[in-house]
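Participant: Show me how the following folds:
(2 chains)
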Amino acid sequence: MISGEQLPRRSLLWLIVCQIAVMLPHLQRIPLWVVAVYLAAAIWRLQMFRQRAEMPGKWLRLLLGLLGAVLLFMSYGTFIGLEPMVALLLVAAALKLLEAIRERDGYLLVFLGFFICVTHFIFTQTLPATLYSLVCTGLLVTALIALNQSPGVGLSNHEPLLALKMLALAVPMMVVLFFLFPRIGPIWSVPSKSGQSITGMSDFLRPGAVTKLGRSAEIAFRAGFVGVIPENSALYWRGLVMSQFEQGAWRTLQWHEMPEVERKPIPPRVLAEPMRYRVVMEPTQQRWLYGMAYAESPTAGVYEATDYRLGVINPIEFQFGYEVTSWPKALMQPNLSDWRRHLETDFPEGLNPLSEAWVKDLREQHADDRNFIAALLSYFRAQPFYYTLEPPEILSADFVDKFMFESRRGFCEHYAYSFVAMLRMADIPARIVAGYQGGEVNPLNNTVVVRQFDAHAWAEVWLVGEGWTRVDPTAAVAPSRVEFGFEAAMDGQPGFLSDSLLSAYRFRGIRALDWVRLRYDALAFGWQSFIVGFDSTRQIELLKGWFGEIKVSWFVALLLGSWAAVLLPLMLWLNRQRSVSLMLPEEQRFSALCRRLEQRGCSRALGEAPLQTLRRARDHLPEADPLYLALEGAIADLYRR
Amino acid sequence: MGMLWWRSCVAKSMLSPASPKGGLKNFLLQRYRRWLNRRLPPARTIVLEQRRLFIFPTRQGFLFALTLLIMLLTAINYQNNLAYGLTFWVAMLFIVAVHFTHANLLKLEITGVRAESVYPGQHAEFCFRISCSRSRQGYRAVKLVWPGSEVLVDVPAGGEIDVSLHHKVTARGWFNPPRLRIESTYPLGLLRCWSFAYFDVRALVWPQPIRVERLAFSSAGKAGYDLSEQEGLDDLMGFRDYRIGDAPRLIDWRSHARGLPLQTKLYSSLVDEDNWLDWQDFPAGTVEQKLSWLCWLVLQHHGRGENFGLRLPELELPVAAGDRQRDRALRALALHDLNGESAG
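Facilitator: Numbers count the residues shown, from 1 in each chain, chains lettered A, B, ... in the order given. Got it, this is the predicted structure:
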C-alpha cells in the first residue's frame, strides 16, 4: 500500500544529502569515477525534482548498471574484496538514487546508507571517523522521518531535531547491548582489505630500511602503563628479531626453518617486578607486535616466538590492542643450543675482507666477549662516525667495509648491521632487533605515544650467564638519541618529518597546541583501548568486575532497566497534557466566581443562564454581597462578548 | 510483544473479505467482530486509549530488520566494535520508534460530526473532527482509511481539524459507516500503529427518484389534473397555531405584533386534496418503485415551491411546503417499512 506511494519531494533533498555524506569518508579508497557517478546521479535527480529532466528509461538504467559493473571490474580487476564491494555498494546507491521515485526507494536508500556507514568502520575506527558516522546516522534518520511527513509540510528543523531526540533516547539501551552482547568469533571468513600499504617496519632489514621511517610522524602504537613509565633510555620496543643474513639483508628466521626441538620457546628466568602495560597498535598489515623484553601477553591470539618476540597469526588489519607484562631483568636463554649458536654466529666469509682482518686483530687483543664488545663500541665513539637521516647510499656487497672505513655516516640500521656483522666475525652470538625506541610520554593518561620516526634497530648479544643482552651501537655514536629520543637527536636535520608536513606533531612545543594535542591523544587512546579494543576477554573481565558472575538474568534485567529508564520519562513527556482550555477569558472568570458560590453552598444548576444563577444566589445567600458585584461585572462582560 | 502478534494476525484475517464458505472461519470472524465490538464499542466521540491501539512492523520494518541482521553479521565477522555499536544503536532506535509511533495516535480524539443524506449510488460525506488535547505534541501524518477513501492529516498540539471521508451507499434507509481505520506510521515508517472505530453517525439514504407521470396512476379518477391550473395563495381559509417549519411568509405577523402568539395563515391551495401524494395512488409496482416515484414527485413539488402532503400506509404528513417538508417527506420515504426504524 505504502510502497506504491510517491517519494515526498522534501525527503529527496535529505536523501541526497545523506547519500553524499556516507560516500565522503570512502573517497580515499574508491576510484574517482564513482564520485563522478554519484554527483551525476544527484544532479540528474535534482533536475528531475525541478522537473527539468526526465527519469532515464529502463534500458538506459540497465545500461548504466552494467557500465558501472564493468568499470568496477576494470578498476579493481575483481569483485571479491572489501574495496570493490564498498565501491559496488556506492555505485548501487547512486543508481538507486537516480530512480528513486517511490517511497519504497527512499527506504531502501536509507537502509543502504546505514550499511555503507558500517563498512566505513571496517577501514577505520578512529575517534573522528566515529564522530562523522554519528552525523551520517543523524542525517539518515532525518531522511527517514522526512519520508513519513504528510505531504505539504515544508522543510523545517523538526525532522533533524526529532531524529536527534530519538537517537539520544536509543543510547542507553545501545550502551547496555554494546557491553553485554557476547563477542563471538567470526562466523565465516570475510574479504579483507586489499592493497592497503604496509606501514611501519618491514620484515627485513637492509641499509636505508629504517631511515625512511624517520620522515614520518604517524603513530605506530600507544602504550598505556599501569605503573611508572620507565626512562626514555629503557624504552626499547622489540618488534622483530633478525638472526638470518641473506643477500645483504637481515631477516627473521621462519618457524619452518627451525629443527623441531627448537620450535618451542624456552621460558626465561624472570627476575624482579614486572611492568604492566597495554599496547594499542595501528594497523600494520604485518604479523608482529611490539613489547619490551622480556614480554608476555595474556591476550588471546598472541603467541610468543623462540626469540622472545610477540606475534599474531593473521596480519594486523585493524587497530589491535593487547596486554603485556614485561620483566626487564629476565634472563633470556641462559643456555644456547649448538644449533642456535651456529645460527647466531653465521655470517658469510670473504664479503668484507677489511673488516674481517680488523676484527681478527681486535679479537686477539680482547679474548673476552665483554671486553671485545666494549672495545668495538669505543671504536664507534672514538672515530668520526656520524648519526644522520641522509647517509650516503652503499649498494655494494661489502657494506661493512665501506661503512666502517669510508663513509662512517649512517642511521641506526647501519650501526646495528655493522656491529652485529663484526661480532659474528668474532664468533660472538649476536643478532639485530628492529623496533622502536623511546616515545612521547603523555602524563595525562600515563601513556607513551610511539611514532614512526621512533623506529630503531639495535643489537642483542648472547653473553655467558646473562643470556641475550641488549647493546645499542647507535647510543655510542649519538647518546642523545637514546637519552632524549630521536626528535632531540634529529631536530633541525634535513629530512626529519619531511613526510609529515602537515602533521600536528610538527607544531609541538607551542604550549597551547601541545595542551590540545596531549588531551586529544589521551582521549584517542581511551577510545582505542576501551571501545575499539573491547573484546571477549575484556568483556568477561568487566562483567565479572561489575556483577561477580555472568548471568543471563542480569543481561535481561539491565536491558529492561535501560529501556524503562528511557521509556518512562519518554511516555510522560510525550503525553504531557496541560489541559487546553477552550473557554474564553470571560467564561473562565465567570466559572471561577461560580466555584466560589458553590463553596458557599449555592451551586449553579446545569444549563442555567448566568443571570438566573445570580438571581437564585441572591435569594439563597443574601450575605455574600461583594461576590455579587463581581459576578454582575463578569456576566456583563460575558454578554458583551 | 506476544499479544501484539496475535492481535495483528487476527486483524489481517479480518481485513480480507470473508468467504461465504468455511464455517469455522466465519465463526471465528464473527467471534472476532463481536470481540472487537465489545472492545471498541461504537460512540460519537472516540478517544484512542492505550487498549484501542495496535502496533506491528510495516514491510519497511521487516526490511529494516534484515538490514540490521546484515549489519550485525558484518560486525561479528569483522569483530568490529564500532559496527556493533552502530548496529545496536540503530536497532534500539526501532524500540524508541515503537513508543513514538504509538504516541502519535495515543489520546487522539475523533468525533463523528455529521453525515450528509444522499441518494443511492452516490457517495455520502461523513465529517469527522480530530482533536488533540495534548499541549506540546501534536499528531502527524495520521491516516483515516475506509475502503475507497482515505485522508492524511496533521493535527497541531491543542488544536483540532475537520476532515471528511466519503463512502458509496447503495440501499435506501440508514447507512451505518463501516469501521474506520485510523493509522499512522510516523515518524520512521518502520511500524504501523492503528485502531478501529465505529462511529455513531449514520447517513440517511433516500429512495432513488424515478420519473413518473401522475396521470397514469391516479386512483381518484381526476383525469386532466393539470398542475398549472392550481390556484394561488390568495384564498385565505383560516388560521392555525404556528408550527416549527412553517414558512415565514405564511405567519400572521400583524396579530403577533399585537401580542398574540404566532399564527399561521392557511390558504385554500394548501389544503387542496390533489396535492396529496398518496401511496394508494400507485396500485401497481413494487414497494421500492412506489417509493421511488413518490420521491420523484416530492422533489417535483418542492422544486416548484408547491405545498404537498404525503400519505404512506403507516403515516400521514400534513400538507406543507418548504425544505423542511421535503426533508420530512424524503425521510419518511427512506425509512418506509424498515424494521426497527422510526420515521420520526
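
Participant: tell me the pLDDT at A:Met583?
Facilitator: The model reports A:Met583 with a pLDDT of 63.

Participant: What is the neighbour count of the closest residue in space to A:Tyr387 that isn't next to it in sequence?
Facilitator: Counting by Cβ to Cβ, 6 or more residues apart in numbering or on different chains, A:Tyr387 lies nearest to A:Ala478, which is 3.7 Å off, once chain neighbours are set aside. Where you see a C-beta, it was placed from the backbone N, CA and C, and this is true even at glycine. By other Cβ atoms under 10 Å in any protein chain shown, 20 other residues sit near A:Ala478.

Participant: Tell me the pLDDT of A:Ala478.
Facilitator: pLDDT at A:Ala478 comes out at 81.

Participant: just to confirm, which helix or strand has residue 61 in it?
Facilitator: By default, I'm working from chain A. Using DSSP states H and E, A:Arg61 falls within helix A:58-76.

Participant: not what I meant, chain B
Facilitator: Here B:Gly61, judged by DSSP H and E, is contained in helix B:59-78.

Participant: what's the answer for A:Ala630, then?
Facilitator: Going by DSSP H and E, A:Ala630 is part of helix A:625-640.

Participant: Kindly report the same for A:Phe178.
Facilitator: For A:Phe178, the enclosing helix or strand under DSSP H and E is helix A:158-180.

Participant: Can you name the residue of the stretch 201-344 of chain B nearest to chain A?
Facilitator: B:Ile244 (20.5 Å; Cβ to the nearest Cβ).

Participant: Excluding residues flanking it in the chain, which one is nearest that residue?
Facilitator: In this structure, B:Ile244 finds its nearest non-sequential neighbour in B:Arg324, 8.0 Å apart by Cβ to Cβ, 6+ apart.

Participant: so how far is the helix holding A:Ala630 off the chain centroid?
Facilitator: Put simply, helix A:625-640 sits 74 Å off its chain's centre (Cα atoms, centre = their mean, to the nearest Å).

Participant: again with stretch A:356-376
Facilitator: Worked out by Cα atoms, centre = their mean, stretch A:356-376 lies 49 Å from the chain centre.

Participant: Can you give me the neighbour number for A:Gly227?
Facilitator: When neighbours are counted by other Cβ under 10 Å, A:Gly227 registers 11.

Participant: Ok, B:Arg39 next?
Facilitator: Using other Cβ under 10 Å, B:Arg39 is surrounded by 10 other residues.

Participant: didn't it look like it was pressed against B:Glu49?
Facilitator: No - if you go by Cβ atoms under 8 Å, B:Arg39 and B:Glu49 don't touch, sitting 10.8 Å apart.

Participant: contact partners of the helix holding B:Gly61?
Facilitator: A:2-3, A:104, A:107-108, A:111, A:114-115, A:118-119, A:122, A:184, A:186-190, A:318, B:57, B:80-81, B:83-84, B:86-87, B:90-91, B:94, B:189-191 (Cβ atoms under 8 Å, 6 or more residues apart in numbering or on different chains).

Participant: what do you get if the cut-off is 7 Å, keeping everything else the same?
Facilitator: A:3, A:107, A:111, A:114-115, A:118, A:122, A:184, A:186-188, A:190, B:83-84, B:87, B:90-91, B:94, B:189-191 (Cβ atoms under 7 Å, 6 or more residues apart in numbering or on different chains).
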